[in-house]
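Got a predicted model here, sequence first, then my questions.
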Amino acid sequence: MAAPHILVVEDEDDEPIGRSLEDALAAQGYRVTWVTTAAAADIATDRERPDLALVDLGLPDADGVNLCRRIRARRPTTTVVIVTARSDEIDVVLGLDAGADDYVTKPFRLTELLARIRAHLRRPHGEPSHDRLVVGHLTLDPEARRAWLDDRELELRAKEFDLLALLMAQAGRAVTRGRIMAEVWDEHWFGPTKTLDMHISALRRKLGGQDEAYATITTLRGVGYRLELP
């Protein structure tokens, strides 16, 4: 099996970071393409079909958020990880809403980033269920990876879909943060879990917000989350 291909999109002004990422990823056995502009990233996305893309938001020719949207549109199965100096919560939300699967702020620990990459590229365990899940007004088809709220199909990113599937399967019951990170991300996930909070926030918005009784995700402080039964 060919080694996973990783696209690094890092501005040439941050050449030391781009070079260190390229060297570290190659040392781990990955195939690496490093580009310094959004335009080059568009070409590489179509030509190389990367398994994972590391995207800096501060690019010279375009905003990285728009690039994330284009990568998601061109390659729905490519994992997108934003690596940026922007740390404000609004930037995290915008990045995740644009299609990113994870958000890492600079300066970062290289060992942690490599662990996250391994977790994202690791294939999920177990056989998928072919039965539809129905909870109130929500319907989810695991095999087709489609979900609906009443007759409206939801546009969900990969992790949002997996997160909703787990919460629906455990509807009415508390699901701990540890279990979510193990089953939706990876049992060997390394690093903070803020990305989970951001995905929950994005999922709530797509379900209609906390005011919608039939699609409410309750935060259980110090424990995890619960999808409320209608």
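That came in fine, so what should we check first? Numbering: from 1, shown residues only.

Show the low-confidence segments of this structure, by residue range.
Within the chain, the segments meeting pLDDT under 70 span 1, 123-131, 187-193, 209-215, 230.

switch to 50 and redo it
For the chain, the stretches flagged by pLDDT under 50 are 124-130, 210-211, 213.

I figured D63 hits L57, correct?
Yes: the pair D63 and L57 passes the contact test of CB atoms under 8 Å, sitting 6.6 Å apart. From N, CA and C alone the C-beta is placed, and that goes for glycine too.

Pick out whichever of those two has more residues nearby.
The neighbour count for D63 versus L57, taken as other CB atoms under 10 Å, is higher for L57 (24 against 14).

Spatially nearest residue to that one, not counting backbone neighbours?
G64 (3.4 Å; CB to CB, 6 or more residues apart in numbering).

quick one: V175 from R122, how far?
21 Å (CB to CB, to the nearest Å).

Now do the contacts for the residue minimising distance to the centre of the chain.
In the chain, the C-alpha nearest the mean C-alpha coordinate belongs to D101, at 1.3 Å (CA atoms, centre = their mean). Going by CB atoms under 8 Å, 6 or more residues apart in numbering, D101 touches T79, V80, V81, H120, R157, A158, K159.

Excluding chain neighbours, give the residue nearest to the fifth one in space.
In this case it means R157. Using CB to CB, 6+ apart and skipping residues adjacent in sequence, the residue nearest R157 is G99, 5.9 Å away.

Surely that neighbour touches L156?
No: shown here, G99 and L156 do not form a contact pair, counting by CB under 8 Å, at 10.7 Å.

what's V9 sitting at in phi/psi?
Torsion angles at V9 (phi, psi; degrees, to the nearest 10) stand at phi -110, psi 100.

That one pairs with what?
V35, V55 (DSSP bridges).

just use 114 as the starting number from now, easier for me
Fine by me, first position is 114 from now on; the one you just mentioned is V122.

what about the residue nearest to R270, distance to A287?
Computed as CB to CB, the G212 to A287 distance reads 29 Å.

more neighbours, the two?
Neighbour totals were compared for G212 and A287, and G212 leads with 21 against 13 (other CB under 10 Å).

can you pull out the helices in the protein?
Taking DSSP state H, the helices of the chain run over residues 128-140, 151-161, 177-187, 202-210, 223-234, 271-282, 290-293, 307-320.

Switch these over to CSV; also include distance to T332 and mean neighbour count.
Output for the helices of the chain, formatted as CSV (distance: least, CB to CB, whole Å; neighbours: other CB atoms under 10 Å):
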stretch, distance to T332, mean neighbour count
helix 128-140, 35, 15
helix 151-161, 36, 17
helix 177-187, 26, 19
helix 202-210, 16, 17
helix 223-234, 24, 17
helix 271-282, 12, 21
helix 290-293, 10, 16
helix 307-320, 8, 18
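
Can you add distance to R334 and give the ones you listed back as TSV?
Conversion of the helices of the chain to TSV gives the following (distance: least, CB to CB, whole Å):
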stretch	distance to R334
helix 128-140	36
helix 151-161	40
helix 177-187	31
helix 202-210	18
helix 223-234	25
helix 271-282	17
helix 290-293	11
helix 307-320	12
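
closest one to L253 among these?
Closest of the helices of the chain to L253 is helix 271-282, at 5.6 Å (criterion: CB to CB).

Alright, that wraps it up for me.
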